[in-house]
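Q: Okay, predicted coordinates and the sequence, questions at the end:
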Amino acid sequence: MVVVISLLNGRKERSKEPSMRGNTSRGALPLVLLLTMYSGGAAVAQQLPKAVRKPAASIQAKVFEAHVRYLADDKLQGRQPGTPGYRLAADYVAAQLKKYGAEPAGDNGTYLQTVRLRRAFTEPGAALSWQPATGPAQPLTYATDFTCYPNPGAASTQVAAPVVFAGLGISAPELGYDDYAGLDARGKIVVVARGIEPRQFPDAVRLYNTDLLTVLRTAMRHGAVGVMLASTKPTAKPAEAVRGVVSVLDAQGGVAVSRSYAGPQLQVVASGSAALLQRLFAGATTDTARALGALRAGRPASLALAGTLAGSQRSRYQDVESYNVVGKIRGSDPVLRDEYVVHTAHLDHLGIGPAVQGDSIYNGAHDNATGVASVLEIAGAYHRLRTPPRRSVLLALVTGEELGLLGSAYLAQHPPVPPRQLVANINTDMPTIIAPLLSIVPLGAENSSLAAPVAEAARLLNLTVEPDPEPAQNRFIRSDQYSFVAQGVPAVHIKYGNRTADGQNNLSQLVQAWRARTYHKPQDDLSGQFDWQAGRLYTQLNFLLGYLVANDSQRPTWNEGNFFGRKEL
């Protein structure tokens, strides 16, 4: 069906008309045929391990579609964490996990793990002044010279400290680069240049080292009491978190997870203009042109600055509760059952927001109702196995991905089993099922031994494995699998490949055009473009991958010398 949409009090009214898109769901077909469509015929079913043939074949496109249609319905109001619509979604997936025989793995014998979300805002009146080596103090202007990140851990903070310039804020001596070498940052406010890319690092390593949280943690590790993130672009304004910054609180009310808060030691985290950076260099032993030139050439340019910054701020909070939904399937091996493979997908989306083409409900059908549907049907496939896999399995539908991977980070740090027992994460985020699935890109598989079971699962389903067509996007560290990577758990996120049925092999281009029309817009709704058979095949692939990992005698390992495996991030 095609959907006709009109705006009426933030809701969509639908009328059915003949569709020109073509619904590819064929749930009434025989199971073996269901399994083999898009996959090379009946021979594919026969080459699957016998134990998984019927469970894999039982994954049906029409059931997958039904999950998506419920989760992306207007009545869920875009599944924003902390809203009744999100709770409806959480209750639905909990009921599905129970139906498929997964044991509750949330709090107090339920499927729900409470995730306490705090949205913090900087109150008006934040003040900062610069005291140069000579002359009077210079009050700085909020929103022109600087802004402050809200502090989720303290409603009021103040600081006065000397200032040092720490280049890009990177301390990676193992990579041959350290902005903090020879720099005394103890008790200082560290100024870090933003907007310069250290191209000497591989993309993923570069993004990790320049990520805000990494920069803050690095400064704190070197004794800093504050951080000023200074722009190097003359026309850029200081960053302003007008919608607030969201963190997760622990049961005692402390900050458990945040993307912009590293701990109480940092009394201020501010964003500054390029003009302010120039002022802070007054009286220093070099100027900004030389310092920034060195950074662009890949050389550290750290130094003490001749002055003191002093300031104060207040933060206000909006606290809500949301939930991760977690189920468990116990393994069959008396030893390996104490290890867990974790399947994840984020349940949240953006809620109700600014209207686009007369529509204000951000339904999130592809992002990520399709991913949730995949995990639910994976649960069903595990349930239909005659013998459970040797390892146990966790099935987690997490909150707060759109807020900064918050729910998955909380789960990875506070799993329902001892953290050491998590052996692998298989994440599903927006599989983009708009065309037949002929090839895949396993994001992150190149970092660990997970590459082998990915290749085997793809071979069993006659899918081609391809390299990432957009490596600079670094999607591996931009979705929920990264929360597990940060805890030392090998992870993979399987995306669509580039092959197309017509041989043009340009699916990536088609997807980019589709994303421009729909991504994070109300247009990602049930009227959009779907290939339900691709969703079914994608689900089978992730199920087979999880089954292979869960049955392997050896737990997954990081590749020798791999950056992500060298340390807890």
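A: That came through fine. Numbers count the residues shown, from 1 in each chain.
Q: Can you verify Lys495 is assigned to a strand?
A: Yes - going by DSSP: H, G, I helix; E, B strand; the rest coil, the assignment for Lys495 places it inside a strand.
Q: So it versus Arg475, what's the distance?
A: 7 Å (Cβ to Cβ, to the nearest Å). All C-beta atoms are positioned from the backbone trio N, CA, C, and that covers glycine.
Q: cool, Ala236 as well?
A: Separation of Ala236 from Arg475 (Cβ to Cβ) stands at 25 Å.
Q: quick one, which of Lys495 and Arg475 is more surrounded?
A: When Lys495 is set against Arg475 and neighbours are counted by other Cβ atoms under 10 Å, the residue ahead is Lys495, at 23 against 19.
Q: mind listing what the more buried one touches?
A: Residues touching Lys495, when contacts are defined by Cβ atoms under 8 Å, 6 or more residues apart in numbering, comprise Pro431, Thr432, Ile440, Val441, Pro442, Leu443, Asp468, Arg475.
Q: Mind giving me the packing neighbours of the helix or strand hosting Ala89?
A: For Ala89, the enclosing helix or strand under DSSP states H and E is helix 84-99. Under the contact definition 3 or more Cβ pairs under 8 Å, 6 or more residues apart in numbering; DSSP states H and E, helix 84-99 sits against helix 61-71, strand 303-329, helix 370-383, strand 392-398.
Q: Tell me who's in contact with Asn506.
A: Contacts were defined as Cβ under 8 Å, 6+ apart; by that measure Asn506 touches Asn498, Thr500.
Q: one step back: which residues do Lys495 and Arg475 both contact?
A: When contacts are counted by Cβ under 8 Å, 6+ apart, Lys495 and Arg475 have Leu443, Asp468 as shared neighbours.
Q: can you tell me which of the contacts of Lys495 are in helices?
A: Secondary structure of the contacts of Lys495 is defined by DSSP state H; no position falls in helices.
Q: Could you dump those residues into JSON lines with distance to Asp184 and pLDDT added?
A: Supplementary listing: these in JSON lines, determined by distance: Cβ to Cβ, whole Å; pLDDT from 0 to 100:
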{"residue": "Pro431", "distance to Asp184": "49", "pLDDT": "95"}
{"residue": "Thr432", "distance to Asp184": "49", "pLDDT": "94"}
{"residue": "Ile440", "distance to Asp184": "50", "pLDDT": "97"}
{"residue": "Val441", "distance to Asp184": "45", "pLDDT": "96"}
{"residue": "Pro442", "distance to Asp184": "44", "pLDDT": "97"}
{"residue": "Leu443", "distance to Asp184": "40", "pLDDT": "95"}
{"residue": "Asp468", "distance to Asp184": "41", "pLDDT": "85"}
{"residue": "Arg475", "distance to Asp184": "38", "pLDDT": "79"}
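Q: are any of those residues buried, and which?
A: Pro431, Thr432, Ile440, Val441, Pro442, Leu443, Asp468, Arg475 (16 or more other Cβ atoms under 10 Å).
Q: So which of those residues is the closest to Ala161?
A: Taking Cβ to Cβ as the measure, Ala161 sits nearest to Arg475 out of the buried ones among the contacts of Lys495, at 38.1 Å.
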